[in-house]
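Undergrad: Sequence and computational prediction follow.
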Amino acid sequence: MAKIKTVFTCQECGHQSPKWLGKCPDCQNWNSFTEEEFVKPSKVAAAKSIHGKESRPKTINEVEMERVDRYQTSIGEFDRVMGGGVTIGSLTLIGGEPGIGKSTLLMEVCGKLLKTYSDEKILYVSGEESESQVAGRSKRLGVENSSFYIYHETNWQKIIEQVKILKPKFLVLDSIQTTHSSQIESAAGTLSQIREVTYELMNYAKAFNLTCFIIGHVTKEGQIAGPKILEHMVDTVIYFEGDQFGQYRMLRVMKNRFGNTNEVGIFEMQESGLLEIKNPSQYFLDQSLPGSYGRSLTCILEGSRSLFVEIQALVVENKFAVGRRTTQGLDSNRVALLVAVIDKYLGIPLSYNDIYVNVVGGIKLSTRENDLSVIASLLSSYHGKAIPGDTIFLGEVGLTGEVRSVPMMEMRLKEISQMNYKRVITSKRAAEDFKGKYKIELTGITKASELNALLFKKS
């Protein structure tokens with residue numbers, strides 16, 4: 001009879017120990033060990049390849065290039081993120097905050113696939129919601145095809161049995177953390193369970209060209225819950241981001257074996273479902289109040305597309321001892337750094353004021369290409385004077401007050417020219433490099449202190 005072995009497994013990196021440890025010796029995380037029991041087989045099974053065939057090493061000339069076939073979902077933003085469509089036989093992992101719309105997105109993808117490929121079957125396995133709840137959402141989104149099957153189950157053996165009976169072309173597993181295998185004596189969501197279920201699903205999908213979508217939970221830090229090996233095993237990892245109480249949603253790819261990893265898709269959450277935003281720049285700027293001060297425009301890169309976003313700032317006289325700093329969409333430490341640069345090199349005592357900075361539309365900016373735009377918005381609010389709406393700010397500001405160039409400048413300037421903006425204020429080096437190439441006025445500055453005189457002290 002097989003022996004039952006009890007080990008303690010780190011839920012972050014998978015390190016195993018015969019006894020409990022407070023700190024993992026591999027990943028250095030605290031309190032990450034949980035006790036797991038599993039059956040140790042008495043004999044080691046012979047190794048097999050995924051397709052069950054004998055394999056041998058081949059030379060590069062013997063290897064035949066496989067043609068990648070894709071399913072088109074007719075959702076342009078989703079197909080762009082996936083690299084031109086859903087690859088047949090691929091595993092796609094979708095992560096996101098609770099209630100962000102992961103199930104709604106996949107339900108709409110299933111509906112589009114059924115309209116285009118009406119002869120194929122889709123099995124939607126839900127371990128969190130009942131069949132009636134899933135059916136209610138599908139009818140609300142207009143997915144009422146007879147080839148759409150709903151199955152409420154968390155046991156992996158029962159799920160794979162139904163897959164073999166129905167033989168669907170598409171499988172949605174919602175979610176991987178609730179699915180457990182009866183061959184592993186541990187709770188659902190643990191490292192052993194996730195690794196075992198994902199491995200068996202991967203083997204079956206590759207052998208029978210089953211296209212799978214896996215929904216994954218996220219931790220409070222925003223990372224997909226479970227072992228990192230989960231992201232290594234699947235073909236594509238995408239995150240569904242956005243403010244739960246806002247309207248926009250952003251689909252961002254982190255890994256894609258069949259396409260570019262620098263793509264994003266933007267959607268708007270409506271009562272009828274998700275609406276793809278084909279012109280996101282217009283979406284973020286169409287409600288701006290013309291002639292108002294404390295606002296400026298910058299051009300950011302999301303994947304391979306250029307987006308124009310508005311940065312708003314409000315500088316208010318402080319009536320208390322300590323100035324207040326509130327930011328939305330920007331790192332508060334970065335804003336504090338830029339306020340210190342204004343204090344030091346522009347001679348404007350902003351530190352004694354309450355400062356509020358916001359990125360319109362709920363976008364979160366993590367790069368430094370918008371430093372110049374933040375400073376321009378702060379100065380505009382401080383002076384109470386508006387900045388022309390046809391001006392774009394591009395530049396990184398250092399601690400010595402210098403203005404640096406930003407990457408992919410040519411791509412940004414091409415988009416700025418097509419959108420009929422008239423002026424770009426950037427670093428002096430970038431202005432000299434691209435002078436005369438586009439029908440826009442390039443104004444180069446060396447120091448951030450030049451911005452105040454350039455915008456507000458000229459007649």
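TA: Perfect, thanks for sending it.

Undergrad: Report the central residue of the chain.
TA: Central residue of the chain (C-alpha atoms, centre = their mean): Arg252, 3.2 Å from the mean position.

Undergrad: Confirm for me that that residue is in contact with Gly242.
TA: No: applying C-beta atoms under 8 Å, one finds Arg252 not in contact with Gly242, separated by 10.1 Å. All C-beta atoms are positioned from the backbone trio N, CA, C, and that covers glycine.

Undergrad: Give me the longest strand you can find in the chain.
TA: Criterion DSSP state E: the longest strand present in the chain is strand 305-317.

Undergrad: Output the contacting helices and strands for the helix or strand just after that one.
TA: Counting by DSSP states H and E, the next helix or strand C-terminal to strand 305-317 is strand 325-328. Packing partners of strand 325-328 (3 or more C-beta pairs under 8 Å, 6 or more residues apart in numbering; DSSP states H and E): helix 332-341, strand 353-359.

Undergrad: Next, format these as a markdown table and append distance to Asn318, mean pLDDT and mean neighbour count.
TA: Shown next, in a markdown table, are the helices and strands packed on strand 325-328 (distance: least, C-beta to C-beta, whole Å; pLDDT from 0 to 100; neighbours: other C-beta atoms under 10 Å):
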| stretch | distance to Asn318 | mean pLDDT | mean neighbour count |
| --- | --- | --- | --- |
| helix 332-341 | 13 | 94 | 17 |
| strand 353-359 | 5 | 93 | 21 |
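
Undergrad: before we move on, back to that, for the longest strand of the chain, the averaged confidence score.
TA: The predicted model assigns strand 305-317 a mean pLDDT of 90.

Undergrad: List the neighbouring strands of that strand plus their orientation.
TA: The pairing partners recorded for strand 305-317 under DSSP bridges are strand 295-302 (antiparallel), strand 353-359 (antiparallel).

Undergrad: Next, the angle helix 332-341 makes with the last one.
TA: It stands for strand 353-359. Counting by axes from the mean of the first three to the mean of the last three C-alpha atoms, to 10 degrees, strand 353-359 lies at 130 degrees to helix 332-341.

Undergrad: Show me the contact partners of strand 353-359.
TA: Here strand 353-359 makes contact (C-beta atoms under 8 Å, 6 or more residues apart in numbering) with 309-318, 323-330, 335, 339, 365, 374, 377-378, 382.

Undergrad: sorry, back to before: need the strands paired with strand 305-317 in a markdown table with distance to Cys212, can you?
TA: Formatted as a markdown table, the strands paired with strand 305-317 follow (distance: least, C-beta to C-beta, whole Å):
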| stretch | distance to Cys212 |
| --- | --- |
| strand 295-302 | 27 |
| strand 353-359 | 35 |
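
Undergrad: of all the ones you listed, which lies closest to Arg70?
TA: Proximity to Arg70 (C-beta to C-beta) singles out strand 295-302 among the strands paired with strand 305-317, at 22.7 Å.

Undergrad: Now do the same contact list for the residue lying closest to His15 once chain neighbours are set aside.
TA: Of all residues not flanking His15 in the chain, Asp26 sits nearest, at 4.3 Å (C-beta to C-beta, 6 or more residues apart in numbering). By C-beta under 8 Å, 6+ apart, the residues touching Asp26 are Cys10, Cys13, His15.

Undergrad: All set, thanks.
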